[in-house]
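Engineer: One predicted model, sequence on top.
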Amino acid sequence: MQHLSRRAIIASGLGAFVAGCTDNRLATRPAVAPAPPFGGEALKPLDLSADNLTRISVCLRPFRPAGPRLEAEIVNGKTLIHNYGHGGSGWSLAWGYAEAARDLAATSRPRTVAVLGAGAMGLTAAIALAQTGAKVTVYAREFPIETPSARASGVWSPSSRIGFASQVDPGFERRWEVFARRSYARHMHYVGRAGSPVEFTPRYYVRTQMREPPLVSSPEGGGQFLHLDRKLRDMTPRWSEKTGTPFPSENGVRGGMVMTFNIAEYTRQLIADLQAMGGRIERAEIASFSELASLPGDVVINCSGYGAKALVGDTSLVPVRGQIAWMPAQTDRLYGVFHRNVMVLSRRDGLMVQETGGNDWFGFGDESETPDRDEFLAALEKVAPIFAWAP
């Protein structure tokens, strides 16, 4: 078994150009002020009645203390690329890692590629390889709508549980920034498309008088989670203090625009893009390393997420349980609120309520995928009062 060296990847700068034009024929029309994205009068309250609950979903985020595994090896003369372990950053970082996997595969000049896994990582990797002209087949036990990726919160969170500071290698932070910037640029290609697979919507952080205590304490001797979002501040919309909102503002409200993934539509669009390039998805149960390495293709890409723990024997993987309670979509009020460690987000494909626990240790090591209604009700009790202004 021969290991290949990781290829150097160079970040490309991101630029934005804004052009304006004026049509004098409209000068005599009455001026109409557009509704501001942050305004008390324009904001409609979210209906958080527990009676609206449609389902509770649970997914296991694949945390890897050393950071995601992106590595190529030769098995029986075939290139096998591992691309898994992205914690809570799968959707956010998917495109950056997909392009990096494509670059690793390029050394083999593959004509056929097999991708294991149909979640965010697998679909984007498959598209990235299909764009090179390779014939790509995705093999998956779960089709895209069934994967843990389909149960994600759908927010731009590129450093969520991405690794421990003491266990990543010295070049990790630089590579992460490159991948994050690449991903952001690729996600922007989907902004403005029909169905709004990716869009920017407002977020509000409604402060409390006293800091909400975390639901779990940091374990003694536990690692320090990496938080790297500061490296991207020049790229993402800025947050600021917001006045005139209807939320309790004694302790201040901050807000800003955040990239949002409407996962149902985004997944549909990714599948359509893959199929347009001749790619296909086939249901398959791959239960062993030998079966993985034997998938038909010049190159095999392993995007099995937490399943890699059993599949390739990566015992460093740790599950991080995440639960979301879902209500019907409220598309006339697309925004999110964070209050008392609870996130409420109104997306086009549903309104979600999620207890975040107050730190990254919440759900750490918990393999249970059983929905907890009491967790949902407790979260609702904490966040519902800030919508008391609703009629």
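Structural biologist: Cool, the structure landed.
Engineer: So which elements touch the helix or strand containing residue 203?
Structural biologist: Assigned by DSSP states H and E, residue 203 belongs to strand 198-206. Judged by 3 or more C-beta pairs under 8 Å, 6 or more residues apart in numbering; DSSP states H and E, the packing partners of strand 198-206 are strand 253-261, strand 336-339. Heads up, the C-betas are built off the backbone N, CA and C, glycines and all.
Engineer: got the angle for it vs strand 253-261?
Structural biologist: 150 degrees (axes from the mean of the first three to the mean of the last three C-alpha atoms, to 10 degrees).
Engineer: contact partners of strand 198-206?
Structural biologist: 37-38, 187-188, 190-191, 237, 239, 242, 245, 247-249, 253-262, 266, 334-339, 346-348, 386 (C-beta atoms under 8 Å, 6 or more residues apart in numbering).
Engineer: which of those residues count as buried?
Structural biologist: 38, 187, 190, 242, 245, 247-248, 253, 255-262, 266, 334-339, 346-348, 386 (16 or more other C-beta atoms under 10 Å).
Engineer: Over to residue 44: give its phi and psi.
Structural biologist: Backbone torsions for residue 44, taken as degrees, to the nearest 10, come to phi -100, psi 140.
Engineer: Need the phi and psi values for the residue lying closest to it once chain neighbours are set aside.
Structural biologist: The shortest distance from residue 44 to any non-neighbouring residue, by C-beta to C-beta, 6 or more residues apart in numbering, is to residue 333 (4.2 Å). Main-chain torsions, residue 333, degrees, to the nearest 10: phi -150, psi 70.
Engineer: I'd like to check which residues are in contact with residue 333.
Structural biologist: 43, 44, 45, 46, 346.
Engineer: go again using 7 Å as the cut-off
Structural biologist: Contacts for residue 333 (C-beta atoms under 7 Å, 6 or more residues apart in numbering) come out as 44, 46, 346.
Engineer: any idea which element residue 367 lies in?
Structural biologist: Counting by DSSP H and E, residue 367 is part of no helix or strand.
Engineer: what separates the closest residue to it other than its chain neighbours from residue 59, distance-wise?
Structural biologist: In space, and not counting its chain neighbours, residue 367 is closest to residue 319: 4.9 Å by C-beta to C-beta, 6+ apart. Distance of residue 319 to residue 59, given as C-beta to C-beta, to the nearest Å: 9 Å.
Engineer: between those two, which one's more packed in?
Structural biologist: Ranked by neighbour count (other C-beta atoms under 10 Å), residue 319 and residue 59 place residue 59 first, with 24 against 19.
Engineer: Residue 115 bridge partners, please.
Structural biologist: With DSSP bridges as the criterion, residue 115 is bridged to residue 138, residue 301.
Engineer: ok, how many other residues are close to it?
Structural biologist: A count of nearby residues for residue 115, using other C-beta under 10 Å, gives 34.
Engineer: Residue 124 is in contact with that one, correct?
Structural biologist: No. Judged on C-beta atoms under 7 Å, residue 115 makes no contact with residue 124 at a distance of 9.7 Å.
Engineer: Helix, strand or coil: sort out residue 176 for me.
Structural biologist: helix (DSSP: H, G, I helix; E, B strand; the rest coil).
Engineer: check contacts around the residue nearest the centre of the chain.
Structural biologist: With distances taken as C-alpha atoms, centre = their mean, residue 91 lies nearest the centre of the chain, 2.9 Å away. Residues near residue 91 by C-beta under 7 Å, 6+ apart: 120, 149, 152, 154, 261.
Engineer: Tally up the residues packed near the third one, please.
Structural biologist: Residues lying near residue 152 (other C-beta under 10 Å) number 23.
Engineer: quick one on the thing from earlier: in a markdown table: the contacts of residue 333, plus distance to residue 171.
Structural biologist: Converted to a markdown table, the contacts of residue 333 look like this (distance: C-beta to C-beta, whole Å):
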| residue | distance to residue 171 |
| --- | --- |
| 44 | 47 |
| 46 | 43 |
| 346 | 39 |
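Engineer: which intervals of this structure have sub-threshold pLDDT?
Structural biologist: 1-41, 390-391 (pLDDT under 70).
Engineer: circling back: who's in contact with the residue nearest to residue 367?
Structural biologist: Residue 319 touches 60, 306, 365, 366, 367, counting by C-beta under 7 Å, 6+ apart.
Engineer: correct me, but the third one touches residue 317?
Structural biologist: No. At 10.9 Å, residue 365 and residue 317 do not qualify as touching, with contact defined as C-beta under 7 Å.
Engineer: The two: who's more crowded?
Structural biologist: In this view residue 365 and residue 317 are compared by other C-beta under 10 Å, and residue 317 has more residues nearby, 21 against 11.
Engineer: sorry, back to before: the residue nearest to residue 367 sits in which helix or strand?
Structural biologist: With DSSP H and E as criterion, residue 319 is part of strand 318-327.
Engineer: Residue 100 too?
Structural biologist: Here residue 100 sits within helix 90-105, counting by DSSP H and E.
Engineer: what is the orientation angle of that helix with strand 198-206?
Structural biologist: 140 degrees.
Engineer: Please save the CA atoms from helix 90-105 in CSV.
Structural biologist: C-alpha atoms of helix 90-105 as CSV (Å, rounded to 0.1, in the frame of the first residue of the first chain):
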residue,chain,number,x,y,z
GLY,A,90,-19.8,19.5,5.7
TRP,A,91,-22.1,21.7,3.6
SER,A,92,-20.0,24.8,4.1
LEU,A,93,-16.7,23.2,3.1
ALA,A,94,-18.0,20.6,0.5
TRP,A,95,-16.8,22.4,-2.6
GLY,A,96,-13.4,23.2,-1.4
TYR,A,97,-12.7,19.6,-0.4
ALA,A,98,-14.3,18.4,-3.6
GLU,A,99,-11.9,20.4,-5.7
ALA,A,100,-9.0,19.2,-3.6
ALA,A,101,-10.1,15.6,-4.1
ARG,A,102,-10.3,16.3,-7.9
ASP,A,103,-6.7,17.6,-7.8
LEU,A,104,-5.5,14.5,-6.1
ALA,A,105,-7.3,12.3,-8.6
